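Chemist: got a sequence here, can you build the structure:
(4 chains)
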2 protein chains.
Amino acid sequence: MDTPWLDRRQLRAWIRLRAVLELLPGVLDAQLRHDSDITEFEYFVLAVLSEAPERTLRMTELAARTNATLPRLSHVVARMERRELVERFPCPEDRRATNARMARAGWDTLRRAAPGHVATVRHHVIDALTDEQVDQLADICEALLARLDPSGTMSAIYTRHDEPGGEEPTPGEGRTGDP
Amino acid sequence: MDTPWLDRRQLRAWIRLRAVLELLPGVLDAQLRHDSDITEFEYFVLAVLSEAPERTLRMTELAARTNATLPRLSHVVARMERRELVERFPCPEDRRATNARMARAGWDTLRRAAPGHVATVRHHVIDALTDEQVDQLADICEALLARLDPSGTMSAIYTRHDEPGGEEPTPGEGRTGDP
DNA sequence: TAATGAAAGTTGTCGCGACAACCGATTCTC
DNA sequence: GAGAATCGGTTGTCGCGACAACTTTCATTA
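Modeler: Below is the predicted model:
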């Protein structure tokens, strides 16, 4: 338990990361709430569902892919269901399980929200960095996630560093693809 | 408004950063709540106060240095005052203003909480990265903060890249210093 | 084939943060 | 020097997330 203190350079990094942690989520959330009346987390739920086969996923799987606890996801999906963004129905194979499927309005919402959201992400993250830094950031976050999310459910999707891609239907958030 | 989509590499970085944003604060918060019965934000408030002259700061200044809005800080400090971690008193020079001063119990709490908190930060952030990555992370976050916090109140403290230090009384979170 | 334990979700309560409204003090300006 | 605008801070309300029960279903095994 005799942990060495942080030296000056480490402290610089930590203080700044902490500030980013404090500020960035609020900015993203505010933009989406204001422009599309959804949370950043709700956006992400829709984005993940949109990439799943049948636009359907079991609650547990959806929770894992969105880094949410099951209770949290349950609440969120309940609220989204009221707004008819998604719908839930019991899973045939396992009667304990529940499937969440993206509804029509959810798809429309996602589609309309995407451009503004991507623009915000670009402006506050991607465009603020050099290409090299973007890659560094990916590696750094991967290293952090190894400790934060040992099962790596989320990072798993993008852990294949290379591979010019093609197997999955262009994973990612939302995407511009037409119906 | 015709923003280009994110390419594969950018998406990798963003998805992972998003995951870190989602998971890391919870981990830090849980550790401090569990071990010391304070929020990570409360810890930071105490840490910032501990480095101020007289361990005292005006609410506005404290808000700026902790990246908090004034209403939020007001609520937090009110709660902390009830637990006698800090105390508030009107500012003599400007009768609109309020000073927040760290109280004895606040200092004790910070002192006891620090080792565990630092260990958690080390384990989940610093030790997960190479020295080079730590520096990269600092630069990346600085770039992001330029857009998130244009006034740069917080980053300002550590913006002097080089300088072997010495002027300020070892700024940073808490610190091991004896009374 | 009971019985025990684990998994999948839901629900309820509580605390924190965002936002808006508000008030007193202060500075500006004509 | 009397408004008007602004600053500094507090308070109230609301929504979301954490955590802890709890229910139902499935898996194990004795």
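Chemist: tell me the residues of chain A that contact DNA strand C?
Modeler: Within chain A, the positions lying close to DNA strand C (CB under 7 Å from any atom of the strand) are A:26, A:30, A:33, A:58-60, A:63, A:70-71, A:74-75, A:77-78, A:88, A:91, A:94, A:96-99. In this view, the C-beta of every residue, glycine as well, is placed from N, C-alpha and C.
Chemist: in strands only, show me the residues you listed.
Modeler: A:58, A:88, A:98-99 (DSSP state E).
Chemist: out of these, which comes closest to chain B?
Modeler: A:R58 (19.7 Å; CB to the nearest CB).
Chemist: secondary structure class of the residue nearest the centre of chain A, three-state.
Modeler: Ranked by distance to the mean C-alpha position of chain A (CA atoms, centre = their mean), the top residue is A:F44 at 4.6 Å. Here A:F44 is recorded as helix under DSSP: H, G, I helix; E, B strand; the rest coil.
Chemist: ok, now which ones touch the nearest residue to it once chain neighbours are set aside?
Modeler: Distance criterion CB to CB, 6 or more residues apart in numbering or on different chains; nearest residue to A:F44, sequence neighbours excluded, is A:T66 at 5.7 Å. Residues near A:T66 by CB atoms under 8 Å, 6 or more residues apart in numbering or on different chains: A:41, A:44-45, A:48, A:73, A:154, B:22.
Chemist: go again using 6 Å as the cut-off
Modeler: A:44-45, A:48 (CB atoms under 6 Å, 6 or more residues apart in numbering or on different chains).
Chemist: tell me which of those is nearest to DNA strand C?
Modeler: A:V45 (12.6 Å; CB to the nearest atom of the strand).
Chemist: buried ones among the residues of chain A next to DNA strand C?
Modeler: Taking 16 or more other CB atoms under 10 Å in any protein chain shown as the criterion, what is buried in those is A:58-59, A:63, A:74, A:77, A:98-99.
Chemist: where do the strands of chain A begin and end?
Modeler: A:56-58, A:86-90, A:98-102.
Chemist: so which of the ones you listed comes closest to B:V134?
Modeler: B:V134 lies closest to strand A:56-58 among the strands of chain A, at 36.5 Å (CB to CB).
Chemist: partners of the closest one in the sheet?
Modeler: Each strand paired with strand A:56-58, and its direction, by DSSP bridges: strand A:98-102 (antiparallel).
Chemist: check whether the strand it pairs with contacts DNA strand D.
Modeler: No. Strand A:98-102 stays clear of DNA strand D (CB under 7 Å from any atom of the strand), getting no nearer than 10.9 Å.
Chemist: is there proximity between the longest helix along chain A and chain B?
Modeler: The single longest helix within chain A, with elements called by DSSP state H, is helix A:8-36. Yes. Using CB under 6 Å from any CB of the partner chain, we find that helix A:8-36 touches chain B at A:8, A:10-17, A:19-23, A:25.
Chemist: among these, name the buried ones.
Modeler: By neighbour count, with 16+ other CB under 10 Å, the residues of helix A:8-36 next to chain B hold A:10-17, A:19-23, A:25 as buried.
Chemist: tell me which two in those residues are the farthest apart.
Modeler: Across those (CB to CB), the longest gap, 23.3 Å, separates A:Q10 and A:P25.
Chemist: for the residue nearest to A:F44, phi and psi?
Modeler: The phi/psi pair for A:T66 (degrees, to the nearest 10) reads phi -110, psi 10.
Chemist: with that, I have no additional questions.
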